[in-house]
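A.B. asks: only geometry, no sequence info:
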C-alpha cells in the first residue's frame, strides 16, 4: 500500500542566530523546514528562519507548493538574520513557488517591538500589491487546502477588554 502523503525535511531554511546560541542539540533536522506532499498537494512549513539566498533553490528543488506556511512575526530592522520582514516573507513565498501564503509565528503573543497585528496589516497590503494569495484564518480556524480563500480582517475586530 502506497502512503497517502510524504513528509520530508528540506534543507534548513536558516534558524535565527540568537536561537542557535541556545540550542541544546546539534541535530540539524530539528531546525529544518518541512515539506509535506500528497498526490494532490504540496505544503512547505518554514519554521523559524530569516530571508536568505537559498530560498529560490529550495523552491526549484521541492516546489511548487500549494501552500507555504512562513514565519511572519517578531521582526525588526535591527534583527536582520533573525526573522523575516513582511516584504521578505512575500519575496520568500514567490521564490519558494507558493500558490497560497499562510503566515505563522504571529498574533498569539507579542515578542517584537511592533504592534501584534502589524504583520497581518503589512502582509495584506503587500500581498495585494504583489498579487500574492494570502490566507489568514482566525486562531483555531480550519484552513483546508483546495478550499482556501481570503478571510475578512478578523484582527481588526475589537478584542475583549479593549475600549473603542
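C.D. replies: Structure received. Predicted model only: the values in this text are computed from it and were never measured.
A.B. asks: lowest average confidence, helix or strand, in this structure?
C.D. replies: Scoring the helices and strands of the chain by mean pLDDT, DSSP states H and E places helix 17-20 at the bottom, with a mean of 43.
A.B. asks: wait, what's in contact with the residue nearest to the spatial centre of the chain?
C.D. replies: Centroid-nearest residue in the chain: residue 70, 1.0 Å away (criterion: C-alpha atoms, centre = their mean). Neighbouring residues of residue 70 by C-beta atoms under 8 Å, 6 or more residues apart in numbering: 46, 49, 84, 89, 92-93, 96, 101-104. From N, CA and C alone the C-beta is placed, and that goes for glycine too.
A.B. asks: Try it again at 6 Å.
C.D. replies: The contact partners of residue 70, by C-beta atoms under 6 Å, 6 or more residues apart in numbering, come to 46, 89, 92.
A.B. asks: on that earlier part again, next secondary structure element downstream of the least confident helix or strand of the chain?
C.D. replies: strand 34-38 (DSSP states H and E).
A.B. asks: Name every sheet partner of the next helix or strand after that following strand and say whether each one runs parallel or antiparallel.
C.D. replies: Proceeding N to C from strand 34-38, the next assigned helix or strand is strand 42-45, under DSSP H and E. Strand 42-45 pairs in its sheet with strand 34-38 (antiparallel), strand 65-71 (parallel), by DSSP bridges.
A.B. asks: Helix or strand next in line after strand 42-45, which one?
C.D. replies: That would be, after strand 42-45 and using DSSP H and E, helix 55-62.
A.B. asks: Check which helices and strands that next one is in contact with.
C.D. replies: helix 86-95 (3 or more C-beta pairs under 6 Å, 6 or more residues apart in numbering; DSSP states H and E).
A.B. asks: go with 8 Å
C.D. replies: strand 42-45, helix 86-95 (3 or more C-beta pairs under 8 Å, 6 or more residues apart in numbering; DSSP states H and E).
A.B. asks: Can you give me the buried ones in that helix?
C.D. replies: 55, 58-59, 62 (16 or more other C-beta atoms under 10 Å).
A.B. asks: Among those, which one sits closest to residue 7?
C.D. replies: residue 62 (12.0 Å; C-beta to C-beta).
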